[in-house]
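*Asks:* what follows is a predicted structure for the sequence shown.
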Amino acid sequence: MAAGGFCKLPNGTVVVALNLPSPAAGTPGSVRVLVHAHNRPRALTRLRNLGLRAVYLRGNAAPPTPDEITAVLHHPDGLIWRTAPTGTTGGPDLVQELWRPIRALLGRPMART
C-alpha cells in the first residue's frame with residue numbers, strides 16, 4: 001500500500017497526505033495528495049467521493065511536512081496534488097513542481113461541499 005500520514009492541527013482539523021498511483025490515464029508514477037478536513041475519515045471520504053475508491057490510511061509513515069500543510073491550508077478547496085518525489089537519497093528534492101488542484105488530476109470540475 002502507498003505511504004501516507006496525517007497531522008492534527010491546533011484547531012482540531014487534520015491534514016492527510018497520501019502517495020497514490022497516478023489515477024490519470026497515461027501518467028506513470030505516483031502522486032502526493034494532500035487533504036484538509038475535520039477528521040481523518042472525512043478526508044478519506046472526500047477522496048473516495050472523487051472516484052479514488054481504494055484509498056486507505058494505515059499508520060503514519062509519511063506525514064505531511066510543514067510546507068505541505070501550509071500549501072493545503074492556503075488552497076481554497078483544501079485538496080491538492082503533485083507528482084511524488086522520486087529521490088532515493090532520503091533528502092528533499094531540490095526541484096519540486098507546484099501544487100495543483102485535484103480537478104487538474106481527475107480532469108473534471110470539483111463540486112463545492
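*Replies:* On my side now, so go ahead.

*Asks:* have a look at the protein and report its longest helix.
*Replies:* The residue-count maximum for a helix in the chain (DSSP state H) belongs to helix 40-49.

*Asks:* would you mark the buried spots in it?
*Replies:* Ala43, Leu44, Arg46, Leu47 (16 or more other Cβ atoms under 10 Å). C-beta here means a position set from N, CA and C on the backbone, and glycine is covered the same way.

*Asks:* same question for stretch 14-22.
*Replies:* By neighbour count with 16+ other Cβ under 10 Å, stretch 14-22 contains the buried residues Val14, Val15, Val16, Ala17, Leu18, Asn19, Leu20.

*Asks:* okay, these in a markdown table with pLDDT, secondary structure and distance to Asn60 next?
*Replies:* Output for these, formatted as a markdown table (pLDDT from 0 to 100; DSSP: H, G, I helix; E, B strand; the rest coil; distance: Cβ to Cβ, whole Å):
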| residue | pLDDT | secondary structure | distance to Asn60 |
| --- | --- | --- | --- |
| Val14 | 96 | strand | 11 |
| Val15 | 96 | strand | 12 |
| Val16 | 95 | strand | 10 |
| Ala17 | 94 | strand | 10 |
| Leu18 | 92 | strand | 12 |
| Asn19 | 89 | strand | 13 |
| Leu20 | 84 | strand | 16 |
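
*Asks:* that'll do, ta.
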